[in-house]
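Peer 1: no FASTA, just this:
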């Protein structure tokens, strides 16, 4: 059957000479894979831009519960980013968020809640003019709640890890603030909190593996 849905692109892989298989988290069906033929041909112009990671799309798709790979009938930009791809600091955050979600977001029962969280977060980041150096930390805590292992107290996050009192106070604020709330954290505290949150994720997400973009993130923000 044919359905209209919104989606956020997670990744794509090349298939054959001119095609791709694109993985999209959709509002209606969660994480789905779609075959897009001819997208890499000379006549496709710039259509490949539709399927870059984190692109927010309006989709008309074919869907069968038994199918592993479906097809897209129509795709258009839902929200055109203004700064996410051009601001080096934001694009670095975007690379980290993409890798994190690709490693953690699987089939979700609350697909609309997950989609809206991701889309709203990305739009907020795109529109922020300053104060987004802690965005990834807040995003990690919000995502953890939707994934089912969110924390309300720093003791749930730290467990066996040790952090000084100032870092603990900063972590406590990260647990509760919104993206645009004032949040003063030093570079050392930001690095320590990121390490704590990565360890927190490793405890709860099986086969998480290494988040390779962390090193670039540290270089840009720390």
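Peer 2: Here it is on my side, so go on. The structure presented is a predicted model; accordingly, all values stated were derived computationally and were not measured.
Peer 1: name the SS class of residue 130, please.
Peer 2: coil (DSSP: H, G, I helix; E, B strand; the rest coil).
Peer 1: quick one, grab the pLDDT at it.
Peer 2: pLDDT, residue 130: 92.
Peer 1: what number of residues lie near it?
Peer 2: By the measure other Cβ atoms under 10 Å, the count of residues near residue 130 is 6. Any C-beta I mention is one placed from the backbone N, CA and C, and that applies to glycine too.
Peer 1: separation between it and residue 121?
Peer 2: 17 Å (Cβ to Cβ, to the nearest Å).
Peer 1: next: residue 157.
Peer 2: Taken as Cβ to Cβ, the span from residue 157 to residue 121 is 20 Å.
Peer 1: which regions of the protein lie under the pLDDT threshold?
Peer 2: Scanning the chain with the threshold set as pLDDT under 70 gives 44-46, 109, 160-162, 222.
Peer 1: all strands of it, in order?
Peer 2: Applying DSSP state E to the chain gives strands spanning 2-15, 19-26, 30-36, 56-62, 69-79.
Peer 1: and those: which comes nearest residue 186?
Peer 2: Closest to residue 186 of the strands of the chain, according to Cβ to Cβ: strand 2-15, at 32.2 Å.
Peer 1: now for the closest one, which elements pack on it?
Peer 2: Judged by 3 or more Cβ pairs under 8 Å, 6 or more residues apart in numbering; DSSP states H and E, strand 2-15 is in contact with strand 19-26, strand 30-36, strand 56-62, helix 88-104, helix 111-127.
Peer 1: can you redo these as CSV with mean neighbour count and distance to residue 221?
Peer 2: Putting those into CSV (neighbours: other Cβ atoms under 10 Å; distance: least, Cβ to Cβ, whole Å) gives the following:
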stretch, mean neighbour count, distance to residue 221
strand 19-26, 21, 26
strand 30-36, 19, 29
strand 56-62, 18, 24
helix 88-104, 18, 7
helix 111-127, 18, 13
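Peer 1: hmm, back to that, distance to residue 112 added to the strands of the chain, as JSON lines?
Peer 2: Compiled in JSON lines, those are given as follows (distance: least, Cβ to Cβ, whole Å):
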{"stretch": "strand 2-15", "distance to residue 112": "9"}
{"stretch": "strand 19-26", "distance to residue 112": "10"}
{"stretch": "strand 30-36", "distance to residue 112": "10"}
{"stretch": "strand 56-62", "distance to residue 112": "14"}
{"stretch": "strand 69-79", "distance to residue 112": "15"}
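Peer 1: quick check: domain ranges of this structure?
Peer 2: Structural domains assigned to the chain are 2-79, 88-221, following automatic domain parsing.
Peer 1: quick one: the last one to chain centroid distance?
Peer 2: To tie it back to what came earlier, the one meant is domain 88-221. Counting by Cα atoms, centre = their mean, to the nearest Å, domain 88-221 is centred 10 Å from the centre of its parent chain.
Peer 1: distance between the ends of that domain?
Peer 2: Using Cα to Cα, to the nearest Å, the end-to-end distance of domain 88-221 comes out at 11 Å.
Peer 1: and for residue 87, the neighbour number?
Peer 2: 18.
Peer 1: ditto for residue 206
Peer 2: For residue 206, using other Cβ under 10 Å, the count is 5.
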